[in-house]
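# Sequence first, then the predicted structure:
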Amino acid sequence: MLAQQRQEAILHRVRSAGGVRVTELAGEFGVSDMTIRRDLEALAERGLLAKVHGGATTTRPGSTDEPGFAAKSVRQRAEKSAVAAEAARLVTAGMAVALSAGTTTAELARRLAGVPALTVVTNSIPVAEILHRSGRPDQTVVLTGGVRTPSDALVGPVAVATIRSLHLDLVFLGVHGMSERAGFSTPNLLEAETNQALLAAADRLVVLADHTKWGTVGISSFAELTEAHTVVSDTGLPEPAREVLRASVTELLLCEVAA
């Protein structure tokens, strides 16, 4: 087993059980304690787990933890860029699409700035600003309005009312977390309602989620895994997660991440 494969398996174990012991992992994988410690160190340096005496535990945030847009924008930048580039291939001229709030959807907006005759509905202030700065006269940008969250999403009854009056070809949703048990989730109750409205307005749901989102659960689920037509992630996604998603969604797209 390659080191990367072993580390993915270790991370899946940590997220499933909440913690692991070095001696148990060494016996399971048939390697030395020192090798496992190096694996845990590598995962800890990426912020994926916390090392403790004799093992490691999850660093998963609380279900209501909601980092701001600036804080999220520095995490997994290479993965988000790759996911956004792959998602942009699904958009063609003349479509009406929605982009939810989030740093990955903001990356997608940068790649859609050159698509002609595009209509974009969004509840994201950064997404609207990115498309506005492109200055393309044949694009229409609809900003929903609503109450602003820490992640710069516009939510609440104003946003929902705007979205419910629209009909869209695709909706691209960034997610706080995804899991087999909770589906797609968010730490913000009002954002969950807004995401549900976006989902209902579109013919197809495309979820943008780098591999670190697997196993994270927000306080409010807004969709089952089976409600997504396409999930775009990266090749860091653990194999067990791939199996679950392939059994649940129509299409799973995995991107290679530039070194």
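Perfect, thanks for sending it. Keep in mind that what you see is a predicted model, and the values were worked out from it rather than measured.

# just checking, next helix/strand downstream of the least confident helix or strand in the chain by mean pLDDT?
Counting by mean pLDDT, DSSP states H and E, the chain has its least confident helix or strand at helix 69-73, which shows a mean of 50. Downstream of helix 69-73, the first helix or strand assigned by DSSP states H and E is helix 77-88.

# For the next helix or strand after that following helix, name the packing helices and strands.
Sequence order places strand 96-99 as the next helix or strand after helix 77-88, per DSSP H and E. Packing contacts for strand 96-99, counted by 3 or more Cβ pairs under 8 Å, 6 or more residues apart in numbering; DSSP states H and E, involve helix 103-112, strand 119-122, strand 168-174. All C-beta spots, glycine's among them, are computed from the backbone N, C-alpha and C.

# cutoff 10 Å now
Secondary-structure packing of strand 96-99 (3 or more Cβ pairs under 10 Å, 6 or more residues apart in numbering; DSSP states H and E): helix 103-112, strand 119-122, helix 125-134, strand 140-143, strand 168-174, helix 189-201, strand 202-208.

# Now do stretch 118-126: distance from first to last residue.
End-to-end distance for stretch 118-126: 18 Å, by Cα to Cα, to the nearest Å.

# Would you mark the buried spots in that stretch?
Within stretch 118-126, the residues that count as buried by 16 or more other Cβ atoms under 10 Å are L118, T119, V120, V121, T122, N123, S124, I125, P126.

# Format those as JSON lines; extra columns: distance to E251 and pLDDT.
JSON lines is the format used below for the buried residues of stretch 118-126 (distance: Cβ to Cβ, whole Å; pLDDT from 0 to 100):
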{"residue": "L118", "distance to E251": "22", "pLDDT": "97"}
{"residue": "T119", "distance to E251": "23", "pLDDT": "97"}
{"residue": "V120", "distance to E251": "22", "pLDDT": "97"}
{"residue": "V121", "distance to E251": "22", "pLDDT": "97"}
{"residue": "T122", "distance to E251": "23", "pLDDT": "97"}
{"residue": "N123", "distance to E251": "25", "pLDDT": "96"}
{"residue": "S124", "distance to E251": "24", "pLDDT": "95"}
{"residue": "I125", "distance to E251": "30", "pLDDT": "94"}
{"residue": "P126", "distance to E251": "27", "pLDDT": "93"}
